[in-house]
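Asks: got a predicted structure here, sequence first:
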Number of protein chains: 2
Amino acid sequence: MPLSRTIRCTCIEISNQPVNPRSIEKLEIIPASQSCTRVEIIAIMKKNGKKRCLNPESKAIKNVLKAISKERSKRSP
Amino acid sequence: MPLSRTIRCTCIEISNQPVNPRSIEKLEIIPASQSCTRVEIIAIMKKNGKKRCLNPESKAIKNVLKAISKERSKRSP
């Protein structure tokens, strides 16, 4: 039963849409485990606090991670 | 007053110690913002649920992110 393997994953729908890094309040990365065999990346949005699951393999998430670290170096003195 | 700049950051102490990716339950990435001008990376540990702040510039965190994504590809069919 393939369903039982993923029943304890947090994400049901995974978005492939690009996300503006500035609109992310927080990013959660949940490693693969016995209860959910895939990595989950969850973006918590600033405006409504909603969670949005992102595809770890998408370019979008790589851009978000890059943007977040750039943001840091830009702002630090 | 440099303190007021960082007063709303989540992390007080930042660890440079390497972290075993397998012992991480969840990783939180909080982008820099007006209330905290640095990126914060927080690892929530499996065994006790404690939060541990990691240095975003350390090699440790890069290894953790790499290990987490490797874990995924290893486990997926």
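Replies: Yes, it's here.

Asks: please enumerate the strands of chain A.
Replies: A:24-30, A:40-45, A:51-54 (DSSP state E).

Asks: buried residues in the shortest one, which are they?
Replies: Spelled out, that is strand A:51-54. Going by neighbour count (16 or more other CB atoms under 10 Å in any protein chain shown), the buried part of strand A:51-54 is A:52-54. Bear in mind the C-beta positions are built from the backbone N, C-alpha and C, glycine included.

Asks: rewinding a little: among the strands of chain A, which comes closest to B:Glu40?
Replies: Nearest of the strands of chain A to B:Glu40, taken as CB to CB: strand A:24-30 at 9.2 Å.

Asks: distance between the closest one and the chain's centre?
Replies: Taking CA atoms, centre = their mean, to the nearest Å, one finds strand A:24-30 lying 6 Å from the centre of the chain it belongs to.

Asks: and it, what other elements does it pack with?
Replies: With contacts defined as 3 or more CB pairs under 8 Å, 6 or more residues apart in numbering or on different chains; DSSP states H and E, the packing partners of strand A:24-30 are strand A:40-45, helix A:59-75, strand B:24-30.

Asks: redo these as CSV? Include mean neighbour count.
Replies: Output for the helices and strands packed on strand A:24-30, formatted as CSV (neighbours: other CB atoms under 10 Å in any protein chain shown):
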stretch, mean neighbour count
strand A:40-45, 20
helix A:59-75, 15
strand B:24-30, 20
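
Asks: out of these, which is closest to B:Cys9?
Replies: Here strand B:24-30 is closest among these (CB to CB), at 8.5 Å.
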